[in-house]
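Visitor: here is my input, please return the structure:
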Amino acid sequence: MKPSISVANRKQTASFRIVGLALAIASVGLMLAAIKASVHAQTSDVVSNTTAATSSPRDWTEFHRDNMQRWNPYETLLGVGNVGHLQGLWQIFMSFSGNLNYNSSPAVVNGVMYVGSGAADSSLFALSANTGIVLWRYYTGGDVESSPAVVNGVVYVGADDKNLYALNASTGAKLWSYTTGGAVRSSPAVANGVVYVGSDDHNVYALNASTGAKLWNYSTGMGVGSSPAVVNGVVYVGSGDHNVYALNANTGAKLWSYATGDAVSSSPAVANGVVYVGSADKNLYALNASTGAKLWSFNAGSPVVSSPAVANGVVYFGADAFQSNSGNVYALNATTGTKLWSYAASGPFVDSSPAVANGVVYVASMCGCVLNASTGALVSQANFGAEATSSPTVANGMVYVQSGDLNGQEFAFGFGLPGGADLFLRIRPSTTTVHQGDLLTYAFPVWNLGPDIATHEVLNTQVPPGTTFDYIRISGTPGLGTCTHPPYQGTGQIVCHEGGGMAPNTTWTVRLTVRVTAPSGTVITENAATMSDAPDPNLANNMATSSIKVQ
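Guide: Down below sits the predicted model:
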């Protein structure tokens, strides 16, 4: 029997810990809030007139991922050897959608998960990828079934109110919107400063990513719910008119089209000069990316709404099965179309598109399946309570998906390995006896007790009242880091960023030297807090306080 993935709301537990600590040590609690802001300031994209941080190659920036293959080749934390221990780390209620269409798939960039919600509030959410805490939400005028794309500090997403939105990734502020003639359920792709997206008004649009100005549109015969893939200056997209189109990315001119036997709502994946796409005519097609010539097709016996993923010479996709009440997940040889394996999922629909990373295939739908990519063997499974047509995202040792229950309640989930990076902070003054005019050095050693790597670690402290800044230095892990601090003899806050990931059982130390200015009898109190992007199972270790009385 394969292990089931349990979903526990750790976000709620962590919140209670933070509240309790803030009541006990109010100033340090405020510092922890500040350090959260500092972490996001370091790792979030910023747009408009500010500097934009680039995403990590490990991130999942849009529906197809930036390689247009729904495969994350940079994921190394989760694999066949440990994914059987996958657990639900957090679960967040998003809305009461009133329907069972949970279609928006997450993008995960710089520690933030972006995902859309349904009918009740019609929003795009930005959530902490580690905790699920809501960072911001933007209300649209209709369901958000489109999956967001996040590029250069901007979130692009479509909605059923006929608009494509561009939002500040850090704040959710609207930068621009473009109104089409129909619902925008297609997920945008962004390439070379252009946003490409389909609409139910039958058109594929190319918009200037900075301004939203229309560059071109191409009209198909029916609605375009398929999400474009953009590779080597060509836009590949399906349409309800049964065709797969290849369009010039600069002009919108049609390069070729291929007619299937039914609607193409599946989104193409492109790898090694081949376009892979499903059709409601029950086939998965492999087409020459340059000419549109059919290389092979595979008859799945039921409609293929799922969008394929391609990794290491294998194509993975799902197919519905109305008669058997069990849809299937397939793995095919990408060159020949030969079936390598299939897995019978629970429930008749596998509309969710697979995500592949480090030898593992992740599928949502009713299945919630985690499969060995080589054999198709079930490694683990999650029950979402309803069909999740949202597709999973895998990044930085976590799996993300949006789903809901049969009552129409909509949730976002974050799955990961148990543990996290348990940071342990202490403050060590150089002496216990000080006088006015003395130099006093505080050491802030931070241990990572494991079991995971701590990434983007931040230490937040201050020049304590009654002292002035002298100098600061860092020692410990390779890469060391950088600090922002007041000028010589100044006062104020100090924020230090560790320069690389901290492996388990390693230490990173910041040393702050100040000059005592307070008179005899004054108690000098220093506070500090630390945090990283990795989940932390024991937040009580993240804060420290030290007090010294001036003699």
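Visitor: residue closest to the middle of the chain?
Guide: Nearest to the mean C-alpha position of the chain, by C-alpha atoms, centre = their mean, lies Val108 at 1.4 Å.
Visitor: that one contacts Ala395, correct?
Guide: Yes. Here Val108 reaches Ala395: they are 4.4 Å apart, a contact under C-beta atoms under 8 Å. All C-beta spots, glycine's among them, are computed from the backbone N, C-alpha and C.
Visitor: contact partners for the residue nearest to the centre of the chain?
Guide: Contact partners of Val108, counting by C-beta atoms under 8 Å, 6 or more residues apart in numbering, are 59-60, 114, 129, 393, 395-396, 398, 400.
Visitor: Throw those into CSV and include secondary structure and pLDDT, thanks.
Guide: What follows is the contacts of Val108, written out as CSV (DSSP: H, G, I helix; E, B strand; the rest coil; pLDDT from 0 to 100):
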residue, secondary structure, pLDDT
Asp59, coil, 93
Trp60, strand, 95
Tyr114, strand, 96
Ala129, coil, 90
Thr393, strand, 94
Ala395, strand, 92
Asn396, coil, 86
Met398, strand, 89
Tyr400, strand, 92
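Visitor: now those as TSV including neighbour count?
Guide: Below are those laid out as TSV (neighbours: other C-beta atoms under 10 Å):
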residue	neighbour count
Asp59	23
Trp60	28
Tyr114	30
Ala129	28
Thr393	30
Ala395	28
Asn396	23
Met398	24
Tyr400	27
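Visitor: excluding its backbone neighbours, what's nearest Gly490?
Guide: Take Gly490 and drop its neighbours on the chain: the residue closest to it by C-beta to C-beta, 6 or more residues apart in numbering is Phe469, 5.1 Å away.
Visitor: okay, and the beta partners of the one you found?
Guide: Beta-bridge partners for Phe469, by DSSP bridges, are Val514.
Visitor: neighbours around it, how many?
Guide: 20 (other C-beta atoms under 10 Å).
Visitor: now swap in Ala344 and tell me
Guide: Neighbours of Ala344 (other C-beta under 10 Å): 15.
Visitor: that one contacts Asn328, doesn't it?
Guide: Yes. Contact criterion C-beta under 8 Å: Ala344 and Asn328 qualify, at 5.8 Å.
Visitor: just the buried positions in the helix or strand harbouring Ala443, please.
Guide: Using DSSP states H and E, Ala443 sits within strand 439-451. Within strand 439-451, the residues scored as buried using 16 or more other C-beta atoms under 10 Å are 440-442, 444-450.
Visitor: and which of the residues you listed is nearest to Ser430?
Guide: Of all these, Ser430 sits closest to Thr441, with 4.1 Å by C-beta to C-beta.
Visitor: pretty sure Thr506 contacts Asn448?
Guide: Yes. When contacts are counted by C-beta under 8 Å, Thr506 is listed as touching Asn448 (5.7 Å).
Visitor: so who does the closest residue to Leu207 other than its chain neighbours touch?
Guide: If the residues on either side of it in the chain are set aside, Leu207 comes closest to Val195, at 4.6 Å by C-beta to C-beta, 6+ apart. Residues in contact with Val195, defined by C-beta under 8 Å, 6+ apart, are 149, 156, 164, 166, 188-189, 205-209.
Visitor: so what's the residue count around the residue nearest to Asn67 when sequence neighbours are not counted?
Guide: Nearest non-adjacent residue to Asn67, counting by C-beta to C-beta, 6+ apart: Pro73, 7.6 Å away. By the measure other C-beta under 10 Å, the count of residues near Pro73 is 15.
Visitor: pLDDT value on Pro73, please?
Guide: Looking at Pro73, its pLDDT stands at 95.
Visitor: show me what contacts it?
Guide: 67, 311, 357.
Visitor: quick one on the thing from earlier: then the strand holding Ala443 to CSV, C-alphas only?
Guide: Provided in CSV are the C-alpha atoms of strand 439-451 (Å, rounded to 0.1, in the frame of the first residue of the first chain):
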residue,chain,number,x,y,z
LEU,A,439,33.7,49.1,22.3
LEU,A,440,31.3,46.2,22.6
THR,A,441,31.1,43.4,20.1
TYR,A,442,28.0,41.2,19.6
ALA,A,443,28.3,37.9,17.8
PHE,A,444,25.1,36.6,16.2
PRO,A,445,25.8,32.9,15.4
VAL,A,446,23.1,31.2,13.3
TRP,A,447,23.1,27.4,13.2
ASN,A,448,21.0,25.5,10.6
LEU,A,449,19.9,22.4,12.6
GLY,A,450,18.4,21.0,9.4
PRO,A,451,17.3,18.7,8.0
